[in-house]
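Asker: Fold the following.
(one chain, ligands or ions: 2)
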Amino acid sequence: MQNAITVENVSYVYGEGTPFRVLALDNVSLNVEMGKLTGIIGHTGSGKSTLLQMLNGLVKPDSGRILVGDDDIYSNKKLRREAAFRVGLVFQYPEYQLFEDTVRRDIAFGPKNMGLSDEEIEIRVREASAFVGLGEEILEKSPFDISGGQKRRVAIAGILAMKPDILVLDEPASGLDPIGRREIFGGLEKYRQATGTTMIIVSHSMEDMARYADDLVVFENGRVIMQGTKQEVFAREDELREIGLELPQITRLVRRLNKMGINISNDIYTVDEALEAIISTYGGGEK
Ligand SMILES: Nc1ncnc2c1ncn2[C@@H]1O[C@H](COP(=O)(O)OP(=O)(O)O)[C@@H](O)[C@H]1O
Ligand SMILES: [Mg+2]
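Answerer: Ligands and ions are numbered 1, 2, ... in the order given. Have a look, this model is predicted:
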């Protein structure tokens, strides 16, 4: 499988030579396969956001390499600049960066910077808004007159409208209620199905990761301590618990049932999957 992103032995220090020196990334290596959704999990301060900002050219590693496709993006200025368009980065709380007088202009900002024609920009604004469930009537409003969840979706649409090869999102649903979370993740899922875009998502929520990710990377104190398919990583339940990361409740329940001799797959991550597995093994479910 081809890699969309390869991170090789990357280290990074904040505040070198000061009393506040922090080793934020400590010899991190990982890869992200083309077309997959890779989830990054780990506690606050473990280095996730620092790494994300390296992927699109914003922060240069102190040592090590970042490859986008086959290109070492910090090897020259041109590649570093291009990375900003190839890798779309949605920051945490991106709504704080809305600034235009209408939603339409905010979503169009990125595509405009790419030098696209007005027609193409208009098409992209419409497509991107539709993916995140923003109706036509919102587009003429001020970004300051819409709800928090809508603002978040406007900010995400602005990056989608740039059609990056790789979409990177830092805690895209943080601070939202369950309905808001589902709107964000549902929109991203739709976008992914329609475009096949490679995605990297940082999230605190093991439930969201279980539901949406293909592969997982676990950070702890600036290091990658696990990576693999979701199944491989979630098989290490005890190690995850030791660092305070619990598998989703439904996954734990199903695994306990298995231990009690009720045989259903161990790889169950949502209530719907559990229901389906139980019905297919034990029958029932008819009216
Ligand atoms: N701008 C900064 N200046 C100094 N230290 C920072 C800065 N940004 C992050 N750090 C520190 O680097 C470490 C990693 O932070 P971060 O990458 O934000 O982790 P995460 O996204 O996993 O919470 C933490 O110890 C954090 O306090
Ligand atoms: Mg962070």
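Asker: how about the residue of the chain found nearest ligand 2, secondary structure?
Answerer: Closest contact between the chain and ligand 2, by Cβ to the ion, is at Ser49 (3.2 Å). Where C-beta positions appear, they are placed from N, C-alpha and C, glycine not excepted. At Ser49 the chain is in helix, as set by DSSP: H, G, I helix; E, B strand; the rest coil.
Asker: Quickly list what the closest residue to it other than its chain neighbours is bridged to.
Answerer: Leaving out its chain neighbours, the residue that sits closest to Ser49 by Cβ to Cβ, 6 or more residues apart in numbering is Asp170, at 5.6 Å. In this entry, Asp170 is beta-bridged to Val202, by DSSP bridges.
Asker: ok, now which ones touch Asp170?
Answerer: With contact set as Cβ atoms under 8 Å, 6 or more residues apart in numbering, Asp170 has these partners: 48-49, 52, 89-92, 202.
Asker: From ligand 1, how far out is it?
Answerer: Asp170 sits 7 Å away from ligand 1, taking Cβ to the nearest ligand atom, to the nearest Å as the criterion.
Asker: Same question for Gly45.
Answerer: Taking Cβ to the nearest ligand atom, one finds Gly45 at 4 Å from ligand 1.
Asker: State the distance from that residue to Leu25.
Answerer: 12 Å (Cβ to Cβ, to the nearest Å).
Asker: Which one's more surrounded, the two?
Answerer: Ranked by neighbour count (other Cβ atoms under 10 Å), Gly45 and Leu25 place Leu25 first, with 28 against 13.
Asker: Checking the more buried one next. Helix, strand or coil?
Answerer: When the rule is three-state DSSP, Leu25 gets the label strand.
Asker: The closest residue to it other than its chain neighbours - how many residues pack around it?
Answerer: Closest residue to Leu25 apart from its sequence neighbours, by Cβ to Cβ, 6+ apart: Tyr12 at 4.2 Å. For Tyr12, the count of nearby residues is 23 (other Cβ under 10 Å).
Asker: residue contacts, Arg80?
Answerer: Per Cβ under 8 Å, 6+ apart, neighbours of Arg80: 57, 60, 73-74.
Asker: do that again at 7 Å, thanks
Answerer: Neighbour list for Arg80: 57, 73-74 [criterion: Cβ atoms under 7 Å, 6 or more residues apart in numbering].
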